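A.B. asks: what's the 3D shape of this:
(2 chains)
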Amino acid sequence: MSHELSKSYEPGAIEKRWAEYWIEQKLFHVSAPTKEDPRPVFSLLLPPPNVTGFLHMGHMFEQTQMDIMVRWRRMRGFLTLWLPGTDHAGIGTQMMVERQLQSEGKKREQVGREAFVERVWEWRRHYGGAILDQMKRLGASVDWDREYFTMDENLSRAVREVFVRLYDEGLIYRGRYIVNWCPRCGTAVSDLEVKHEDVAGKLYEIRYPVVGTNEFITVATTRPETMLGDTAVAVNEKDERYRHLHGRKVRLPLMNREIPIITDELANPEFGTGAVKVTPAHDPNDFEAGLRHNLPQIDVMDEHARMNQNAGPYAGLDRFEARTRVVQDLEAQGLLVAIKDHTIPLGKCDRCRTIVEPRLSAQWFVKVEPLAKRAIEAVEKGYVRFTPENYKQVYLNWMYNIHDWCISRQLWWGHRIPAWRCLDCNTIIVARETPTKCTQCPGSRLEQDPDVLDTWFSSGLLPFTALGWPDATRDLEVFYPTSLLITGFDILFFWVARMIMLGCWFIAPPHRPQRAGDDAKSADDVLRESVPFREVYIHALVRDADRQKMSKTKGNVLDPIEVIEQYGTDATRFTLAAMAAPGTDIAFNASRTAGYRNFANKIWNACRFMFMNLDRVAPGLRPDSAGSRPEAGVRGFEAIALEDRWILSRFNRVAQEVSEALEAYRFDDAARGIYDFFWGELCDWYIELIKPRLASEEGAEKEAAQRACKNLVSLFEAAIRLLHPVMPFITEEIWHALYDGRPPLKSVALAAYPVAQAKQLDLAAEIEMAVLQELIVSVRNLRAELAVEQKQRVPIQIFTEETAVRTLIEQNRGAVERLAGVAKVTFAKDSLAKLSSVRHAARFDVHVVYEKKIDAAVERVRLKKELERIEKEIANVQRQLGNDQFLSKAPAQVVEGLRKREPELAALREKTQSKLQELR
RNA sequence: GCGCGAUUAGCUCAGUGGUAGAGCACUUGCUUCACACGCAAGGGGUCGCUGGUUCGAUACCAGCAUCGCGCACCA
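C.D. replies: Numbers count the residues shown, from 1 in each chain, chains lettered A, B, ... in the order given. You can find the predicted model right below:
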């Protein structure tokens, strides 16, 4: 790039070029360093996007925040690894491919398992690639050479390893239990994948005849169709109403089956009739009760939630049809007592919204309690820290109440469970590699379990498997535990919690003897080093401009690529960063992005201005960069004039603030700080102030112009580095241009991040500059009030009691005249209070000498309003100063402030009143 | 049912125990030789309601209201 810049910033071409450059140059690739490498390490894992489709604004938000952190740390000199990858997303991806098949009029059963899985791989090649292309567009500075996919062979091997170890430790078991079953997906799902919704339902009261009496016992149920599988009726032992029925049986209506009346805690005398039907095969509580009382388990539905042959005459009906028919038939037989309105929490499949059916089936489970114990300890001891902090409690509450985790899925896409059944003796063999013969009998006819593992089982391992586990790799040694995890709260339990459980378990198994040399390590040390990440930053959700959650069904999904195409990646990133106050959801509003596109353009034009001058007065000038890695601060800057001292000080102060903001994940503060500095100080004031110096063409003045140019370049270069993590593209472009295409490093991303240097802070300059700014703004203000024409220069009078202020103004007379449209500055000996068109500042009064040409009526209204405001404040101040309690208890500086303020206000009131008088 | 969060300018959001802030939108004036994606000036808010703590509350506490979100096997 040369110094020839287009008149306005056009992000499209530039961004594409740099995105490709970064990848070609492998700028963000790191390999595990030698033991002598002194650099601190910063590592983090990209939460792998699902390969189910394209990235949405939420992904972009997440990646923007990660990229800011990563680029910042890298520039701060950390050995920085950001590990990218994608997730196979078992159930989701399978669903997409099934849908695709359906459009061809096919079902996966027709295609067959092997061919189906091949189809999914095809899908993955297509969409996985699309996602990675999008990430490149966002400028994510990941290490592309380490990209992983959760179904890669090495990761699959690690999954088998974990499964076998947990099984051997007795922490994985198989059994027939009630699980959440999605009849549409045809698989079990975990508790977390069921979303409960309160819906208006019915409570049916049904009479069951008691055998050998004329009595009935009335039970209540929300799901009458399950009565076909009833194997008992339960009453509470203490419930007097049913004491006489203990030991009796009832005849189950419709099925004509005798079932016992049992006493069990399951029946709550307070609820309904106090008697409850027991259906062990269709309800988790009933299942438990069934075990307590040794009841048969009669499953009346198939995997599609249609009634099966156990449902007698109802066989073949869908569960909801069956409900209607059962109710009709009961009513016909006079056994239906009542139908009452009842709100029921209905469980729906998180993936497809189908109503989940509790189903009895054989599944694999992880016994999580021992894992949870360590995962709790790690967080309670602060080895994993949450930001915002309240998520710590959310995490702990969940962990304290955790249930066993159903990990088997009746899907075809995913990691196949490494368990085989001997067809001869039914022995279950769990092994790392496919066994060839049975371990218990001579047989060799083995059949692998058809199920696959929950996707989160494998993603829960990623912090260590993506670094090469189970092999003892150098990567693991260096990069584990990772430094940080940035993710959304929606997967706090699914993923974050499980990574902590599995990391703490496998990286430092408490049950295994420590290796030699570990003796010095306490259990706490081991735990501290076993966590998958030391910090978790939970980001907010991106919503649309109306605060609606974005969803495909609502059609309000914002495609980040579209926004990027309209405003540029940098502007989009800046928007997300500026809105990323922790804990608050983002209502994404493109008008903000337009504003930040303008910001990019502003920087661009400031840069153009700089080059214009540079090429004229100091061609060949480059930023000072002695070493290969520029110093962290502003380099080669000469504090010649007040504005130089001022801007240098401001830069350092802002650099300090930005670093502090980033430390605290205050992306919003960091972005705002840079924005205000660049636009509000560098462009609005500094550049304006040095224009006269730059303009000089001849002789000694030309040298002054060159020095001013050098300062501007130095400062600009540092400011570009300060901005780079948030706006990587425009900064890369400008940075290369600053060095005329021959920068000392391949990228500004490898340069040093500005660090505030105490010796460059200059409080006196900041204060002096503030006085000048106040003077200039006051005059502009008065000019506007007096309706002075833009081009007309006006004389001003200044009164000040401080000689320092007078000197300051005299020394900067030219700046005042130019920036405030002043013809001549004179100093008054006496107060200007009695004149009109005067501004009072703390350290001076300024009067614009000009005959008003203003609308008296409008001015009167304005002044009256101002007077009201002043009087209100006076009343307030006097009330406080007249209060002894206030005087004795308030801090001295507050009291002092008000005491100073009182005469100021009085003068102001007098001033305003006399102005009003004049206008009469 | 339990818990969490939100409520501040027209909109989207920051913020603080001591005179209310930003971006966008709005009004007015400017083809000022980097930028109209700009420059300059300005209008606009009893900081959800009610109590309490305090010399002083938008901020801290309690209650209420509205909205949103988690967690929860009561048939």
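A.B. asks: What degree of burial does A:Glu918 show, as a neighbour count?
C.D. replies: For A:Glu918, the neighbour count with other Cβ atoms under 10 Å is 12. Heads up, the C-betas are built off the backbone N, CA and C, glycines and all.
A.B. asks: Which strands or helices does the host helix or strand of it pack on?
C.D. replies: Using DSSP states H and E, A:Glu918 sits within helix A:892-919. Contacts defined by 3 or more Cβ pairs under 8 Å, 6 or more residues apart in numbering; DSSP states H and E place helix A:892-919 against strand A:838-840, helix A:856-881.
A.B. asks: Helix A:892-919 and the longest one, what's the angle between them?
C.D. replies: Put plainly, it is helix A:856-881. Orientation check (axes from the mean of the first three to the mean of the last three Cα atoms, to 10 degrees): helix A:856-881 against helix A:892-919 gives 150 degrees.
A.B. asks: Now do the same for the helix or strand following helix A:856-881: mean pLDDT, whole number.
C.D. replies: Sequence-wise, the next helix or strand downstream of helix A:856-881 (DSSP H and E) is helix A:884-889. Regarding helix A:884-889, the rounded mean pLDDT is 85.
A.B. asks: Stretch A:787-799 now?
C.D. replies: So the average pLDDT for stretch A:787-799 ends up being 89.
A.B. asks: Give me the contacts around that stretch.
C.D. replies: Applying Cβ atoms under 8 Å, 6 or more residues apart in numbering, the contact partners of stretch A:787-799 are A:775, A:779, A:783, A:806, A:809, A:817, A:820-832, A:835, A:844-850, A:852-854.
A.B. asks: same deal with stretch A:670-681?
C.D. replies: With Cβ under 8 Å, 6+ apart, stretch A:670-681 has contacts from A:68, A:574, A:577-578, A:596, A:599, A:602-603, A:606, A:647, A:650-651, A:654, A:657-658, A:661-662, A:719, A:722-723, A:726.
A.B. asks: Run through the residues that contact A:Glu477.
C.D. replies: So A:Glu477 contacts A:Ala32 (Cβ under 8 Å, 6+ apart).
A.B. asks: Assign a three-state SS to A:Leu360, would you?
C.D. replies: What DSSP: H, G, I helix; E, B strand; the rest coil gives for A:Leu360 is strand.
A.B. asks: got it, and the one 4 residues further on?
C.D. replies: Recorded secondary structure, A:Trp364: strand (three-state DSSP).
A.B. asks: my read: it touches A:Ile417, true?
C.D. replies: Yes. A:Trp364 lies in contact with A:Ile417 (Cβ atoms under 8 Å); the separation is 6.3 Å.
A.B. asks: before we move on, the earlier item: quick one: buried residues of the helix holding A:Glu918?
C.D. replies: A:895, A:898, A:901-902, A:905, A:908-909, A:911-912, A:915 (16 or more other Cβ atoms under 10 Å).
A.B. asks: and it, how far from the chain's centre?
C.D. replies: Distance, stretch centre to chain centre, for helix A:892-919: 48 Å (Cα atoms, centre = their mean, to the nearest Å).
A.B. asks: One more: stretch A:227-245?
C.D. replies: Taking Cα atoms, centre = their mean, one finds the center of stretch A:227-245 at 51 Å from the center of the full chain.
A.B. asks: What average pLDDT does it get?
C.D. replies: Mean pLDDT, computed over stretch A:227-245, is 89.
A.B. asks: Can I get that stretch in PDB, CA atoms only?
C.D. replies: Extracted in PDB, the C-alpha atoms of stretch A:227-245 (Å, rounded to 0.1, in the frame of the first residue of the first chain):
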ATOM      1  CA  MET A 227     -53.200 -46.100  32.500                       C
ATOM      2  CA  LEU A 228     -53.000 -49.000  30.000                       C
ATOM      3  CA  GLY A 229     -49.700 -49.800  31.500                       C
ATOM      4  CA  ASP A 230     -50.700 -49.300  35.200                       C
ATOM      5  CA  THR A 231     -49.500 -52.000  37.500                       C
ATOM      6  CA  ALA A 232     -50.700 -50.600  40.800                       C
ATOM      7  CA  VAL A 233     -52.600 -47.900  42.600                       C
ATOM      8  CA  ALA A 234     -50.700 -46.100  45.400                       C
ATOM      9  CA  VAL A 235     -52.200 -44.500  48.500                       C
ATOM     10  CA  ASN A 236     -50.300 -42.900  51.400                       C
ATOM     11  CA  GLU A 237     -50.000 -45.200  54.400                       C
ATOM     12  CA  LYS A 238     -51.100 -42.300  56.700                       C
ATOM     13  CA  ASP A 239     -54.100 -41.400  54.600                       C
ATOM     14  CA  GLU A 240     -57.100 -42.500  56.700                       C
ATOM     15  CA  ARG A 241     -59.500 -42.300  53.800                       C
ATOM     16  CA  TYR A 242     -57.900 -45.400  52.200                       C
ATOM     17  CA  ARG A 243     -56.800 -47.300  55.300                       C
ATOM     18  CA  HIS A 244     -59.600 -49.900  54.700                       C
ATOM     19  CA  LEU A 245     -58.400 -50.600  51.200                       C
END
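A.B. asks: May I see the buried residues of it?
C.D. replies: Under 16+ other Cβ under 10 Å, the buried positions of stretch A:227-245 are A:227-236, A:239, A:242, A:245.
A.B. asks: Dump the buried residues of helix A:892-919 to JSON lines, plus distance to A:Gln25.
C.D. replies: Formatted as JSON lines, the buried residues of helix A:892-919 follow (distance: Cβ to Cβ, whole Å):
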{"residue": "A:Val895", "distance to A:Gln25": "62"}
{"residue": "A:Leu898", "distance to A:Gln25": "61"}
{"residue": "A:Arg901", "distance to A:Gln25": "59"}
{"residue": "A:Glu902", "distance to A:Gln25": "65"}
{"residue": "A:Leu905", "distance to A:Gln25": "63"}
{"residue": "A:Leu908", "distance to A:Gln25": "62"}
{"residue": "A:Arg909", "distance to A:Gln25": "66"}
{"residue": "A:Lys911", "distance to A:Gln25": "64"}
{"residue": "A:Thr912", "distance to A:Gln25": "64"}
{"residue": "A:Lys915", "distance to A:Gln25": "66"}
